[in-house]
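[1] Please work out how this folds:
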Amino acid sequence: MFLRAVALILSAAFLSGCPMTGKKSKPTPGKKETMKDQNGDTSFQAFLGRLRKAVETKDRVVLASMMAPDFGYRWDRGPEGETPFAYWDRNKLWGTLAALMRENWGPHEGFMVVPPQFAQSDSYPGYRAGLTMVNGSWRFAYFVGAPAPGDSSAAAPSSPSAPDEQTLPPLPQ
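    All right, here's what the predicted structure looks like:
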C-alpha cells in the first residue's frame, strides 16, 4: 500500500511538469508585429550600452557582431563590396550615429527605434536607427536616412530586410 502511494505521488509530480498539448494561437497573416517599450529591460539596456560604446570608439568588429544579418544602411543597392562602415566614413555619418545613440528609444512596429519622432511619424525627415530581437538576442537592425521623396523603390524604414538593401559581408578570418 505504501509503495502504491509513493508511486502515485511521484507520477503526479512528473506528469504535472509535462506541457499541455493545447493549440497555440497563430499570428494573423498580414498583421505587423508590435513591440512593447523595452527601455526597462535589462538585456536591452546592456545591449544599448555596448552599442553606444562601440559607436563612440568606431569599433567595427564589435559593431559587426552586433548587427543583424540583413542590416540596412542605405535605401538603394550599394556598390559591390561596400560595407556600412565605408559608407559611414565616406558620408561622415559616425557623428550622426553617435548622436542618435544618445537619444531615447521607443517602440515602433517590431523595433525599438530612435529618435522618438520617427516612432510617431513614418515621414520623419532625418536619420533613424532600429534595434530588434533576432533569435532571442538584440541586434542592430538599421541606420538609414529618410528615403528620397517619391522614391517608390524604398521600403518602409521598419523593414530592413527589403530586397534593395545591402547585407553586411562576413568578417575576414
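[2] Y142 belongs to a strand?
    Yes - assessed by DSSP: H, G, I helix; E, B strand; the rest coil, Y142 belongs to a strand.
[3] Offset the numbering so it begins at 57, please.
    Sure, I'll start numbering at 57, so the last one becomes Y198.
[4] what residue ranges in the protein score low on pLDDT?
    Along the chain, the model assigns pLDDT under 70 to residues 58, 61-89, 206-229.
[5] now the strands: where do they sit in it?
    Assigned by DSSP state E, the strands in the chain fall at 123-128, 162-164, 167-170, 184-190, 193-200.
[6] Out of those, which one sits most buried?
    Among these, strand 167-170 has the highest mean neighbour count (mean count of other C-beta atoms under 10 Å), at a mean of 26. No exception for glycine: its C-beta is placed from N, CA and C like everyone else's.
[7] and the strands of the chain as CSV, adding distance to S177?
    CSV is the format used below for these (distance: least, C-beta to C-beta, whole Å):
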stretch, distance to S177
strand 123-128, 19
strand 162-164, 10
strand 167-170, 11
strand 184-190, 11
strand 193-200, 15
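[8] and Q176, which of those strands is closest to it?
    Q176 lies closest, by C-beta to C-beta, to one member of those: strand 162-164, at 8.1 Å.
[9] Just checking: what are the partner strands of the closest one?
    Strand 162-164 has the following sheet partners, assigned by DSSP bridges: strand 167-170 (antiparallel).
[10] first to last residue in stretch 111-123, what's the distance?
    End-to-end distance for stretch 111-123, by C-alpha to C-alpha, to the nearest Å: 12 Å.
[11] How about stretch 124-132?
    18 Å.
[12] for stretch 117-134, same thing?
    By C-alpha to C-alpha, the extent of stretch 117-134 from end to end equals 21 Å.
[13] before we move on, the earlier item: nearest to W144, out of the strands of the chain?
    Per C-beta to C-beta, nearest to W144 of those: strand 193-200, 8.1 Å.
[14] and that closest one, what does it pack onto?
    helix 98-112, helix 116-122, strand 123-128, strand 184-190 (3 or more C-beta pairs under 8 Å, 6 or more residues apart in numbering; DSSP states H and E).
[15] Would you mark the buried spots in the second one?
    Applying a neighbour-count criterion of 16 or more other C-beta atoms under 10 Å, the buried positions in helix 116-122 are L119, A120, M122.
[16] circling back to that earlier point, among the strands of the chain, which comes closest to N147?
    Judging those by C-beta to C-beta, what sits closest to N147 is strand 193-200, at 11.3 Å.
[17] Tabulate the helices and strands packed on strand 193-200 (CSV), appending distance to H164.
    Shown next, in CSV, are the helices and strands packed on strand 193-200 (distance: least, C-beta to C-beta, whole Å):
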stretch, distance to H164
helix 98-112, 14
helix 116-122, 19
strand 123-128, 14
strand 184-190, 7
